[in-house]
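Peer 1: I would like the atomic coordinates for the input below:
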Amino acid sequence: MKQENLDKIIAFRHVLHAHPELSNHEVHTRKLIKEFIAQNMSKYLVLDEGDWLYCMKPYQATKKTIVLRADHDAIMNSSNTPFHGCGHDGHTAILLGVMLEEEDRESEYNVIYLFQPAEENGSGAAICKPLFKKYHVDEIFGLHNMPNLRKNVIYYRPETVMCASVGYRISLTGVQSHASEPEKGCNPVYVLSAFAKSIEPLAKQTGFKPFTFENYHFNSLAMITIIHMNVGSLNFGISPANGEICLTLRAAKENELAVLEGYVRSYFEGLKEKFEVSIEVFDRFDENYADPALVEETVDTLKSSGLEVEALMEPIRASEDFGYYKRFAPCMFVFVGMGTCPSLHHDSYVFDDEIIPTAVRMFGTIIR
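Peer 2: Okay, the predicted model is just below:
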């Protein structure tokens with residue numbers, strides 16, 4: 001990577017880092033991205049779609065089309081303020097770095113640089129769906145930085161790269177009574193506690209091997225994590241009527257995530273004779289799936305260019321909404337190792353600028 005370009009990109013990454021914005025609120029972030037392109041590049045079309053944007057050189061219908069995607073939203077830290085605790089500022093900087101390096105180079109492809117919002121809540125990829133209606137896209141590539149993998153090594157995996165997941169909020173309304181007469185009410189604490197105890201084995205099921213839970217057989221990882229539970233209030237004279245539980249359901253495969261969802265819904269819908277039951281769904285992520293043929297071809301290309309590439313033995317348990325794009329074209333998603341450092345979403349996490357040249361070179365190799 002040209003030193004001048006690297007210096008610009010690192011400086012801009014620090015600007016993004018100083019202005020974190022949460023999912024679906026990245027207005028200033030996109031303004032900064034557009035300003036950087038306008039100040040440093042002249043050969044790209046910048047297509048602003050409001051909540052998202054993409055860039056490309058003039059489209060040629062006879063050429064194969066590939067998409068390179070970067071996300072740019074932030075998360076909350078433990079002090080309840082936004083921060084770039086997942087490194088999406090770095091992902092955006094990398095994509096801009098590729099644009100700088102490739103501006104004066106020819107490619108046999110149409111290359112679309114997609115700047116996607118709202119990855120953290122799973123809604124951003126779907127927002128960008130119109131791109132794939134407008135253009136016939138042949139291949140889609142994405143990356144994520146990854147702490148505690150060897151620094152500047154590119155990690156890949158065919159098929160499942162990251163898990164599918166979804167959030168559930170279940171609210172129960174029973175009958176309130178005096179605390180001295182709990183038998184006259186209907187307190188949800190007991191059914192919520194029974195459910196929490198029943199799914200404890202799924203909270204401990206962290207491997208990717210087949211297993212059986214009750215009457216359900218799973219071929220790979222399937223787990224449920226309780227993230228919140230609440231019943232009643234601090235009133236010692238009341239046996240409460242209201243309670244809720246919030247869950248993250250996760251599975252390596254989307255069809256097995258559907259099995260978990262069926263289990264949860266069946267349990268709580270079976271309580272409707274005693275309780276009013278409300279079920280809300282949040283933050284759905286598809287399985288992040290890498291096309292095996294595309295992976296094989298790309299890995300050979302990266303290795304032949306001298307990049308250090310290594311296979312992941314197992315998928316990553318976390319989710320990434322890049323998985324949505326497999327509906328439109330073969331996809332490949334990789335990780336660039338950051339070495340020993342705080343994990344993603346940790347308060348002390350900071351993106352490591354030293355991996356930028358490796359990631360830019362990787363995308364440039366794919367383009368050419």
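
Peer 1: Can you give me the pLDDT of the nearest residue to residue 1 once chain neighbours are set aside?
Peer 2: Of all residues beyond its chain neighbours, the one nearest residue 1 is residue 357 (4.4 Å), with distances taken as C-beta to C-beta, 6 or more residues apart in numbering. Backbone N, C-alpha and C define where each C-beta goes, glycine included. At residue 357, the predicted lDDT confidence score is 98.

Peer 1: Walk me through the domains of the protein.
Peer 2: 3-162+287-367, 164-285 (the TED database).

Peer 1: mean confidence for the last one?
Peer 2: Averaging the model's pLDDT scores along domain 164-285 yields 97.

Peer 1: tell me the most buried of the domains of the chain?
Peer 2: Scoring those by mean neighbour count under mean count of other C-beta atoms under 10 Å gives domain 3-162+287-367 as the most buried, with a mean of 18.

Peer 1: Relative to the whole chain's centre, how far out is it?
Peer 2: On the basis of C-alpha atoms, centre = their mean, to the nearest Å, domain 3-162+287-367 sits 12 Å off its chain's mean C-alpha point.

Peer 1: Then stretch 175-185?
Peer 2: With C-alpha atoms, centre = their mean, you get 44 Å for stretch 175-185.

Peer 1: Tabulate the CA atom coordinates of it in CSV.
Peer 2: Provided in CSV are the C-alpha atoms of stretch 175-185 (Å, rounded to 0.1, in the frame of the first residue of the first chain):
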residue,chain,number,x,y,z
VAL,A,175,-53.3,-12.1,37.9
GLN,A,176,-52.1,-9.8,40.7
SER,A,177,-53.0,-10.6,44.3
HIS,A,178,-52.0,-9.7,47.8
ALA,A,179,-48.7,-11.2,48.8
SER,A,180,-50.4,-12.9,51.7
GLU,A,181,-52.8,-14.6,49.3
PRO,A,182,-50.7,-15.7,46.3
GLU,A,183,-53.2,-18.6,45.6
LYS,A,184,-55.7,-16.0,44.5
GLY,A,185,-53.4,-14.7,41.8
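
Peer 1: Report the contact partners of residue 346.
Peer 2: For residue 346, the contacting residues are residue 85, by C-beta atoms under 8 Å, 6 or more residues apart in numbering.

Peer 1: So it, which state does it fall into?
Peer 2: coil (DSSP: H, G, I helix; E, B strand; the rest coil).

Peer 1: Ramachandran coordinates for it?
Peer 2: phi -70, psi 140 (degrees, to the nearest 10).

Peer 1: so what's it scoring on pLDDT?
Peer 2: 98.

Peer 1: follow-up on the earlier one: am I right that the residue nearest to residue 1 sits in a helix?
Peer 2: Yes - counting by three-state DSSP, residue 357 falls inside a helix.

Peer 1: how close does it get to residue 99?
Peer 2: 15 Å (C-beta to C-beta, to the nearest Å).

Peer 1: Look up how far residue 296 lies from residue 311.
Peer 2: For residue 311, the distance to residue 296 (C-beta to C-beta) stands at 11 Å.

Peer 1: before we move on, what about residue 176?
Peer 2: 62 Å.

Peer 1: CA atoms of stretch 125-134 as CSV?
Peer 2: The C-alpha trace of stretch 125-134 is given here as CSV (Å, rounded to 0.1, in the frame of the first residue of the first chain):
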residue,chain,number,x,y,z
ALA,A,125,-27.9,-5.8,4.8
ALA,A,126,-31.6,-5.9,4.0
ILE,A,127,-31.6,-2.1,3.7
CYS,A,128,-29.1,-2.5,0.9
LYS,A,129,-31.3,-5.0,-1.1
PRO,A,130,-32.1,-2.5,-3.9
LEU,A,131,-28.4,-2.7,-5.0
PHE,A,132,-28.9,-6.3,-6.0
LYS,A,133,-32.1,-5.6,-7.9
LYS,A,134,-30.4,-2.9,-9.9
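
Peer 1: what sits up against it?
Peer 2: If you take C-beta under 8 Å, 6+ apart as the criterion, stretch 125-134 is touched by 49, 51-52, 54, 67, 112, 114, 116-119, 137, 321-325, 327-329.

Peer 1: Report the mean confidence score over stretch 4-18.
Peer 2: 98.

Peer 1: Residues contacting that stretch, please?
Peer 2: With contacts defined as C-beta under 8 Å, 6+ apart, stretch 4-18 is touched by 29, 32, 36, 40, 72, 84, 89-90, 92-94, 96-97, 100-101, 350-351, 353, 356-357, 360.

Peer 1: can you map out the strands along the stretch 251-368 of the chain?
Peer 2: 276-285, 288-290, 309-311, 331-337 (DSSP state E, counting those that start in this stretch).

Peer 1: contacting residues around residue 240?
Peer 2: Residue 240 touches 174, 176, 187, 188, 189, 231, 232, 233, counting by C-beta under 8 Å, 6+ apart.

Peer 1: which residues of the stretch 51-200 of the chain fall in helices?
Peer 2: Per DSSP state H, counting those that start in this stretch, the stretch 51-200 of the chain carries helices over the ranges 88-102, 124-127, 129-134, 189-198, 200-203.

Peer 1: Let me have these in JSON lines, adding distance to residue 248 as columns.
Peer 2: Putting these into JSON lines (distance: least, C-beta to C-beta, whole Å) gives the following:
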{"stretch": "helix 88-102", "distance to residue 248": "20"}
{"stretch": "helix 124-127", "distance to residue 248": "19"}
{"stretch": "helix 129-134", "distance to residue 248": "25"}
{"stretch": "helix 189-198", "distance to residue 248": "14"}
{"stretch": "helix 200-203", "distance to residue 248": "10"}
